[in-house]
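In: sequence first, then the predicted structure:
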Amino acid sequence: MTDDCSKTTSNIPSLTMEVDTAFLRSLRGVLKLVEMGTMFVAFVCFAVASRPKYIAATCMEFVITFSLLLLYTLKLNKKLTLFFWPLVDLFNSLFAAVFILILSLIAVSTYTVTGTLGGGIVGFIATGLWCVDGYMIFKRVTFNQPRTAATGTVK
């Protein structure tokens, strides 16, 4: 009877996920963490200044960056192959940079509370981080080139 029980439990798939801690220690992983940190600081500044539109924008970018960080950390990009995730990440970085740049320009030019000014300045820092992230991704994405040609190694 114990043999039957051990056979049935071995057929149950494991629910553990592989975590890529090397990504969190890589330059891109640290950059994503810093992007999230700057968006959180901007969120706090806008929350103190009680600016709901700015709060919503910073929360949205925080959640999107956190989602991409989870995607790479849990290696879901290898399981969800419907999208070309580096390109999605590139578009997000460029869109977020432009969006937060415009938001920060408006926040800095029309501030009435110091929190709005602080959030705008932190938004400029986040814009720079997203530009660096987008550049790093763009350097690595290959368009119709063999993988060896894109990395510069020759067989």
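Out: Yep, it's here. Numbering: from 1, shown residues only.
In: these two touch, right, G123 and I100?
Out: Yes - in this structure G123 lies within contact range of I100 using C-beta atoms under 8 Å: 4.9 Å. Where C-beta positions appear, they are placed from N, C-alpha and C, glycine not excepted.
In: give the residues shared as contacts by the two.
Out: Jointly contacting G123 and I100 under the rule C-beta atoms under 8 Å, 6 or more residues apart in numbering are 42, 58.
In: could I get the full set of helices for the protein?
Out: Taking DSSP state H to define them, one finds helices in the chain at 2-10, 21-25, 27-48, 52-73, 76-79, 85-109, 114-140, 147-151.
In: could I get those helices as a markdown table with mean pLDDT?
Out: Shown next, in a markdown table, are the helices of the chain (pLDDT from 0 to 100):
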| stretch | mean pLDDT |
| --- | --- |
| helix 2-10 | 52 |
| helix 21-25 | 89 |
| helix 27-48 | 94 |
| helix 52-73 | 93 |
| helix 76-79 | 86 |
| helix 85-109 | 93 |
| helix 114-140 | 93 |
| helix 147-151 | 55 |
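In: in CSV: those helices, plus mean neighbour count.
Out: Output for the helices of the chain, formatted as CSV (neighbours: other C-beta atoms under 10 Å):
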stretch, mean neighbour count
helix 2-10, 8
helix 21-25, 12
helix 27-48, 19
helix 52-73, 18
helix 76-79, 13
helix 85-109, 18
helix 114-140, 19
helix 147-151, 11
